[in-house]
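Enquirer: Take this sequence and fold it.
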Amino acid sequence: METTPQFFKRGPSSLVRLILFVQLSLILMVVDTHFKYLYEVRQVISIALYPIQKIAYIPTTITDLIEDFLVYQNLADENSRLKQQHLYDSGKIHQLLALTKENEHLRKLLNAIDRNKNKAIMAEINAIPRDPFNLKIIVDKGIHSNIQTGQIIIDNLGVIGQITRTYPWSSEATLINDKGHSVPVQVLRNGIRAVASGTGKYKTLELNYMANNIDIQEGDKLITSGIGGVYPPGLPVALVSKVMRNTSSTFALIICKTIAGVDRNKQVLILTQQFNLKNPGALTDANF
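Expert: The predicted model follows:
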């Protein structure tokens with residue numbers, strides 16, 4: 001009797017095996033659901049397979065890290081670019097604001113020229129000495145612009161100082177609050193005349209030798225009186241900020257704050273034409 005070789009033997013058909021495996025799976029699912037017999041088996045299998053899972057996830061993890069790095073790098077570059085753009089735009093905005101303010105001041109200076117009959121030259125402040133005891137400034141107009149010593153410097157608010165030294169292309173001016181500098185003034189409210197003297201302090205003047213009973217009050221506006229032929233009449237000079245009357249002293253202590261100054265703008269006007277004493281109204285306080 002002939003027998004079939006071992007390698008030609010055929011087992012159950014595929015359909016039969018599929019049915020057997022499905023039945024076995026169902027049995028295992030029912031047993032696991034009701035009796036929890038396979039919980040430990042699953043835990044052991046999951047622990048055994050964990051390293052394999054980690055290894056399998058390595059390419060995905062590396063890809064995610066690379067993508068995150070590229071995104072972070074792009075965000076860092078974009079953030080750096082935006083910061084630079086912000087600094088650039090901020091600088092432009094500040095520059096625009098400064099130019100707007102300067103343009104407004106120039107308009108006021110031009111209006112001041114148009115309103116009065118004195119000829120004036122517009123100049124720009126080149127330097128302000130840092131020495132607190134040297135209250136002088138340097139402007140960019142000099143002998144070649146017909147600037148002479150004694151001429152008055154004003155801005156759109158009032159008197160700033162007086163030219164005290166000239167050079168070919170620049171001039172030195174002494175501020176009215178320089179110690180030893182004096183300006184003949186009068187009170188706009190009642191016409192009382194006085195002399196405002198510099199104290200050497202920032203924007204501070206004093207009225208010297210004024211009687212205790214003098215009719216001067218805090219807030220009074222002082223304008224140039226025109227006496228002495230140096231300062232045209234009617235230019236705003238200062239506001240009275242403090243009046244101290246001491247019965248033990250003959251004179252009152254009167255402190256004033258200058259109206260104009262070099263702390264706001266760089267452009268000033270230099271009055272180049274001597275005023276006419278016969279026409280003291282050529283420059284009046286209404287012009288400012």
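Enquirer: Quick one, grab the pLDDT at Glu172.
Expert: Looking at Glu172, its pLDDT is 92.
Enquirer: partners of it in the sheet?
Expert: Ile138, Arg165 (DSSP bridges).
Enquirer: Confirm for me that it is in contact with Lys136.
Expert: Yes - between Glu172 and Lys136 there is a contact at 5.6 Å, judged by CB atoms under 8 Å. (Each C-beta comes from the backbone N, C-alpha and C, glycine too.)
Enquirer: Can you pull the residues that touch both of these two?
Expert: Thr164 (CB atoms under 8 Å, 6 or more residues apart in numbering).
Enquirer: For Val30, see how far away Lys242 is.
Expert: 104 Å (CB to CB, to the nearest Å).
Enquirer: Equivalent analysis for Asn74, please.
Expert: Where Val30 is concerned, Asn74 sits at a distance of 54 Å (CB to CB).
Enquirer: same deal with Tyr50?
Expert: 28 Å.
Enquirer: Gln43 too?
Expert: For Gln43, the distance to Val30 - CB to CB - is 20 Å.
Enquirer: what domains does the record give for this structure?
Expert: Domains of the chain are assigned by automatic domain parsing as 14-115, 120-287.
Enquirer: Output those in a markdown table; the columns should cover mean neighbour count.
Expert: Output for the domains of the chain, formatted as a markdown table (neighbours: other CB atoms under 10 Å):
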| stretch | mean neighbour count |
| --- | --- |
| domain 14-115 | 11 |
| domain 120-287 | 18 |
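Enquirer: Can you tell me which of the ones you listed has the worst average pLDDT?
Expert: It's domain 14-115: among these, that one has the lowest mean pLDDT, namely a mean of 74.
Enquirer: Leu205 contacts Cys256, doesn't it?
Expert: Yes - if you go by CB under 8 Å, Leu205 and Cys256 touch, sitting 4.3 Å apart.
Enquirer: Could you pull out the residues contacting both of the two?
Expert: Counting by CB under 8 Å, 6+ apart, the residues touching both Leu205 and Cys256 are 196, 237-238.
Enquirer: closest to Gly226 among the residues you listed?
Expert: Nearest to Gly226, judged by CB to CB, of the shared contacts of Leu205 and Cys256 is Val237 at 11.9 Å.
Enquirer: I'd assumed Val187 was in contact with that closest one.
Expert: No - taking CB under 8 Å as the definition, Val237 is not a contact partner of Val187, at 10.7 Å.
Enquirer: Only the C-alpha atoms, please, for stretch 207-227, written as CSV.
Expert: Output in CSV follows, covering the C-alpha atoms of stretch 207-227 (Å, rounded to 0.1, in the frame of the first residue of the first chain):
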residue,chain,number,x,y,z
LEU,A,207,13.7,142.3,40.6
ASN,A,208,16.2,144.2,42.8
TYR,A,209,15.6,147.1,45.0
MET,A,210,11.8,147.1,44.9
ALA,A,211,10.1,148.6,48.0
ASN,A,212,8.1,146.3,50.2
ASN,A,213,4.8,148.1,49.3
ILE,A,214,5.4,147.9,45.6
ASP,A,215,2.3,146.9,43.6
ILE,A,216,3.7,143.6,42.2
GLN,A,217,1.9,140.3,42.5
GLU,A,218,2.6,136.7,41.8
GLY,A,219,1.6,136.0,38.2
ASP,A,220,2.3,139.5,36.9
LYS,A,221,3.8,139.5,33.4
LEU,A,222,7.0,141.4,32.8
ILE,A,223,7.8,142.9,29.4
THR,A,224,10.8,144.9,28.1
SER,A,225,10.4,148.6,28.8
GLY,A,226,12.7,149.8,26.1
ILE,A,227,14.7,152.0,28.5
